[in-house]
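Visitor: requesting a structural model of the entry that follows:
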Amino acid sequence: MFEPILQEYEALAPKPEKPEHPALTFDSEDTEPIAQLVLTLQRNDPVRNLAMSLLAGRGVDLPDPSPLIRAVNGCRPRDWRRGAAAAWCLANVNLSAEDRASVASRLAAIVDNRIPYDHLGAAFGRLFKVCGAITALVILPILLYTAPNWIGSLGALLATAIATVMAGTLFFLLLSGVVVGPFLVPLSVAADKSRVNRVRAQAAETLGALGQPESVDVLADAAHEIGSRVRNPAHDALLRILPTLTEQHRGTLSAQTVPNLCRLLDDSEMPTTLDILRALERIGDGRAVKPVQLTIIRWSLRLPNSAVRKEAERILPVLLQRQRQEQASSILLRAADHSLNEVLVRPAASAPSEDSATLVRPVESVSHYAHE
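Guide: Predicted coordinates for the structure are as follows:
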């Protein structure tokens, strides 16, 4: 009896509005932290909307990545969530090959800690604000308490104003230089750097996703940062990029790339050590000979028949050959420079002398030739 009435009511009842974005489903544990971070952004933020679409599984073609790059490079420590979300978006949007190289270059500068921000200046700015507020809270009650003594008298008013300025300045300097400054400035700088490092860590992860071989320079350097949250993401991203290196990259990367990779041989597990050794086979030079020899000795003591020892022994002759070529080239260069000096330097006395009469001719002879 009531079913037709209920059906008619349901048909006429207003439908609930669809949510702006579909419910987020986490395919892995890696997406959950970034989803929680994205939800803290403002609802009308373009970075938030783009990240929500990516988290919902929708592919996005990004013709111009410069707005996201500016969001990463220009973020202040207080906006680190937005910068980290923008860096994550750059790893998940569809980019052209040219844009991937450009984005990787810009993010490499961020991982290399070249974000333009004055940490010390911001810390002193906070110090002045805090100390100024405390000084005002202390001086104003004193002025109100002593108001009946100086109201109505110009001399008392002037004396009170001078005393207030002097006492406030002295109290401010004492507060900022002795009481609050030694604690607030270091804490402020450390907090800002920690927030910036969150953006750098996400930028390092994005470099691993982009897979550009030129990123090896900064990732190998960042993988050695002690006590930094950038170290592990940079290390993982480096391992993803190392297989992309070829012999054509030898000599084109930073001069510190090979030493940084060699330093990673000391405290790496077997899979990581194997990847680094194979990368050194392709881009290594004579500087990698001694670290590889030490790796052979170290793994001979740990596991004599390990794959690391066999791989290191296999690539060691290649590195030794390159070392000999480098030494031969340097000897040839030194010899060439020495012989060049000998050829160019010539005593002045050996110059052929000519008769002064031949060199100095009368002016009349010149006019005679001209006349003829």
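Visitor: pretty sure residue 286 is touching residue 322, no?
Guide: Yes - the pair residue 286 and residue 322 qualifies as a contact (CB atoms under 8 Å) at a distance of 5.7 Å. Using the backbone N, CA and C atoms, a C-beta is placed for each residue, glycine as well.
Visitor: who touches both of those two?
Guide: When contacts are counted by CB atoms under 8 Å, 6 or more residues apart in numbering, residue 286 and residue 322 have no shared neighbour.
Visitor: what is the burial count for residue 163?
Guide: For residue 163, the number of neighbouring residues by other CB atoms under 10 Å comes to 13.
Visitor: measure how buried residue 95 is and give me the count.
Guide: 19.
Visitor: residue ranges with poor pLDDT in the stretch 201-350 of the chain?
Guide: In the prediction, the stretch 201-350 of the chain carries residues with pLDDT under 70 at positions 332-350.
Visitor: which residue is nearest the centroid of this protein?
Guide: Central residue check for the chain by CA atoms, centre = their mean: the C-alpha nearest the mean position is that of residue 111, 2.1 Å away.
Visitor: wait, what's in contact with residue 132?
Guide: Contacts of residue 132 by CB under 8 Å, 6+ apart are residue 172.
Visitor: what are the phi and psi values at it?
Guide: With angles defined as degrees, to the nearest 10, residue 132 sits at phi -60, psi -40.
Visitor: ok, now how distant is it from residue 231?
Guide: For residue 132, the distance to residue 231 (CB to CB, to the nearest Å) stands at 38 Å.
Visitor: my guess is residue 315 meets residue 279, correct?
Guide: No - assessed by CB under 8 Å, residue 315 is found out of contact with residue 279, at 10.0 Å.
Visitor: find residues that contact each of the two.
Guide: Listed as contacting both residue 315 and residue 279 by CB under 8 Å, 6+ apart is no residue at all.
Visitor: who has more neighbours out of those two?
Guide: Between residue 315 and residue 279, residue 279 has the larger neighbour count (other CB under 10 Å), namely 25 against 17.
Visitor: and what about that one, helix, strand or coil?
Guide: Secondary structure, DSSP: H, G, I helix; E, B strand; the rest coil: residue 279 is helix.
Visitor: how close does it sit to residue 231?
Guide: Where residue 231 is concerned, residue 279 sits at a distance of 19 Å (CB to CB).
Visitor: again, but for residue 330
Guide: Applying CB to CB, one obtains 35 Å for the distance of residue 330 from residue 231.
Visitor: tell me which of the two has more neighbours.
Guide: Summary of the neighbour comparison: residue 330 and residue 231, criterion other CB under 10 Å, with residue 231 having more neighbours (17 against 10).
Visitor: looks like the more buried one contacts residue 220 (just checking).
Guide: No - with contact defined as CB under 8 Å, residue 231 does not count as touching residue 220 (11.5 Å).
Visitor: take the strand or helix carrying residue 292, keep the C-alpha atoms, and write them as PDB.
Guide: Of the helices and strands defined by DSSP states H and E, residue 292 is found in helix 289-302. The C-alpha atoms that make up helix 289-302 are tabulated as PDB, following Å, rounded to 0.1, in the frame of the first residue of the first chain:
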ATOM      1  CA  VAL A 289      90.600   1.700  -8.800                       C
ATOM      2  CA  LYS A 290      91.500   1.900  -5.100                       C
ATOM      3  CA  PRO A 291      87.900   1.900  -3.800                       C
ATOM      4  CA  VAL A 292      87.200  -1.200  -6.000                       C
ATOM      5  CA  GLN A 293      90.300  -2.900  -4.700                       C
ATOM      6  CA  LEU A 294      89.200  -2.200  -1.100                       C
ATOM      7  CA  THR A 295      85.800  -3.600  -2.000                       C
ATOM      8  CA  ILE A 296      87.400  -6.800  -3.100                       C
ATOM      9  CA  ILE A 297      89.400  -7.100   0.100                       C
ATOM     10  CA  ARG A 298      86.300  -6.300   2.300                       C
ATOM     11  CA  TRP A 299      84.000  -8.800   0.600                       C
ATOM     12  CA  SER A 300      86.700 -11.400   0.600                       C
ATOM     13  CA  LEU A 301      86.800 -11.300   4.400                       C
ATOM     14  CA  ARG A 302      82.900 -11.200   4.600                       C
END
